[in-house]
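Student: Prediction below, plus the sequence it came from.
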Amino acid sequence: MKKFFLTLIVGVCITSVSFAQVNGPDYKAGIGLRFSGSYYDAISASFKLFVSEPSAFEFNAGARHFSYGRTNVSASAAYQYHFPIGSIEGFKWFVGGGLTVLNSFADNDRYEEGFGFALFPTGGVEYKFNFPLAVSADFRPSLYLVNPYDEDFNPNFGVSARFTFK
């Protein structure tokens, strides 16, 4: 399973870089929030930076607190390659991949704590409004290489809203 996801991540990154150039980004950078259902973060700060016309990096720093006494903090970085969706201006889909590092803290000895590291492919859609706001929805199925829990895989759906800059 781990080899499959590693191969998928490398394949998506290589394939996305080989596609033809698309229209320029609708913005240069954006900052906002990402909400997700992952184990390592429920809410995170999100910063997205376009480094070329179709290519962007997204950085997240987040946390999740569980009512039973565990708190996770995490940082993620992802490469995203954007493609236009039809002729709808500002509407694009993206593919790419990234990594997450996390640390889990527990209030008592009943729960796991420690360092974690995960790789993920990513894909999603983004819409940039005619005013400085971009919203997106993505899927990041995370494969843990090091994990303080007994799980190797975490499906991670998220939605983001960012204030954009030219």
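Tutor: Arrived safely. Everything numeric in this text was worked out from a predicted model, so none of it was measured.
Student: any idea which residue of the chain is furthest from its center?
Tutor: Distance from the C-alpha centroid of the chain, by C-alpha atoms, centre = their mean, peaks at residue 109 (30.7 Å).
Student: which residues touch it?
Tutor: Taking C-beta atoms under 8 Å, 6 or more residues apart in numbering, we find residue 109 in contact with no residue. Bear in mind the C-beta positions are built from the backbone N, C-alpha and C, glycine included.
Student: ditto for residue 80
Tutor: Residue 80 neighbours (C-beta under 8 Å, 6+ apart): 48, 55, 56, 57, 58, 94, 95, 96, 122.
Student: Show me the two of the residues you listed that sit farthest apart.
Tutor: 48 and 95 (14.9 Å; C-beta to C-beta).
Student: more neighbours, those two?
Tutor: Each of residue 48 and residue 95 has its neighbours counted (other C-beta atoms under 10 Å); residue 48 has more, 25 against 18.
Student: What average pLDDT does the strand or helix carrying that one get?
Tutor: If you go by DSSP states H and E, residue 48 is part of strand 43-50. In this model, strand 43-50 has a mean pLDDT of 96.
Student: which residues are contacting that strand?
Tutor: Strand 43-50 is contacted from outside by 25, 27-36, 56-64, 74, 76, 80, 134, 160, 162, using C-beta under 8 Å, 6+ apart.
Student: tell me the angle whichever helix or strand comes after it makes with strand 43-50.
Tutor: Reading on from strand 43-50 to the C-terminus, the next helix or strand found by DSSP H and E is strand 55-65. When axes from the mean of the first three to the mean of the last three C-alpha atoms, to 10 degrees is applied, the directions of strand 55-65 and strand 43-50 differ by 170 degrees.
Student: Which other helices and strands does strand 55-65 contact?
Tutor: strand 29-36, strand 43-50, strand 70-84 (3 or more C-beta pairs under 8 Å, 6 or more residues apart in numbering; DSSP states H and E).
Student: Throw these into JSON lines and include distance to residue 152, thanks.
Tutor: What follows is the helices and strands packed on strand 55-65, written out as JSON lines (distance: least, C-beta to C-beta, whole Å):
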{"stretch": "strand 29-36", "distance to residue 152": "18"}
{"stretch": "strand 43-50", "distance to residue 152": "22"}
{"stretch": "strand 70-84", "distance to residue 152": "17"}
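Student: Quick check: which of these is nearest to residue 129?
Tutor: Here strand 29-36 is closest among the helices and strands packed on strand 55-65 (C-beta to C-beta), at 11.5 Å.
Student: Render the CA-only coordinates of that closest one in CSV, please.
Tutor: Taking C-alpha atoms only, strand 29-36 is exported to CSV below (Å, rounded to 0.1, in the frame of the first residue of the first chain):
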residue,chain,number,x,y,z
ALA,A,29,-0.5,34.8,-3.3
GLY,A,30,-3.3,34.2,-0.9
ILE,A,31,-3.7,33.8,2.9
GLY,A,32,-6.6,32.4,4.8
LEU,A,33,-7.9,29.2,6.6
ARG,A,34,-8.2,25.6,5.6
PHE,A,35,-10.8,23.4,7.4
SER,A,36,-10.4,19.6,7.2
